[in-house]
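Asks: Could you look at this predicted model? Sequence included:
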Amino acid sequence: MAGSPSDDMFDYLYTLAERGEYEEIIDHIQTHDEERHRYGAAGVLAESVTGFAPQATPEARQTLVESVLNDPSERVRATVVKVLLDMDESIIDNIIARLEANPQSAPNETPYPLILTEWQASPHPELRFLAIVGYESVASQSTIVKLRTAIINEQHMRVLRRAIEAGGSVGDETFVT
């Protein structure tokens, strides 16, 4: 169900964040049946990332990566990617490396690298960022074209910056011009 959690649920999630009980928020993201509650928990974690990041355990990071790969909701996935980007951008490279190692683990039963096209078309810049990282890794002729398109059309500065960096990494001379 789309929408936001109830005010009581938000109060509960914010109280957990104020207490530094981030593991419980992450558990909520991973296990709650309702999308709106997972989305709310991911949003509270995104707002609390400065407090959460320094104490994030490897297990907590791994659980968030699992949420990116397994949550059926694009908006929950995008919000969790935002948390990971704000914590440590290199985690996104690890997600792509994991997808390369196990292409069938991509969300929505769309194998890697085909999922990159879905992510590039997303209204969520965080998922477009994931697509750019994947294109950089694949570096095929079709992904090089998609990188060029992203550089021309992207409005979100973080995604654009990564697209420009990816263009330089793939070694195609047309990116110089």
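Replies: Everything's here; your move.

Asks: What distance separates the opening and closing residues of stretch 48-64?
Replies: Terminal residues of stretch 48-64 lie 14 Å apart, using Cα to Cα, to the nearest Å.

Asks: Can you list the buried residues in it?
Replies: By neighbour count on 16 or more other Cβ atoms under 10 Å, the buried set for stretch 48-64 is 48-49, 52, 56, 60-61, 63-64. Just so you know, the C-beta spots here come from the backbone N, C-alpha and C atoms, and that holds for glycine as well.

Asks: Just those: which are in helices?
Replies: 49, 52, 60-61, 63-64 (DSSP state H).

Asks: Spatially, which two of the residues you listed are the most separated?
Replies: Maximum pairwise distance among those (Cβ to Cβ): 14.9 Å, between Val49 and Thr63.

Asks: if you skip the residues just before and after it, what's nearest to the residue with the shortest distance to the centre of the chain?
Replies: In the chain, the residue lying closest to the centroid (Cα atoms, centre = their mean) is Val81, at 2.4 Å. Leaving aside its sequence neighbours, Val81 sits nearest to Glu126 (Cβ to Cβ, 6 or more residues apart in numbering; 3.9 Å).

Asks: Next up, the contacts around that neighbour.
Replies: 78-79, 81-82, 85 (Cβ atoms under 8 Å, 6 or more residues apart in numbering).

Asks: residues near Arg19, how many?
Replies: Arg19 sits with 9 neighbouring residues when counted by other Cβ atoms under 10 Å.
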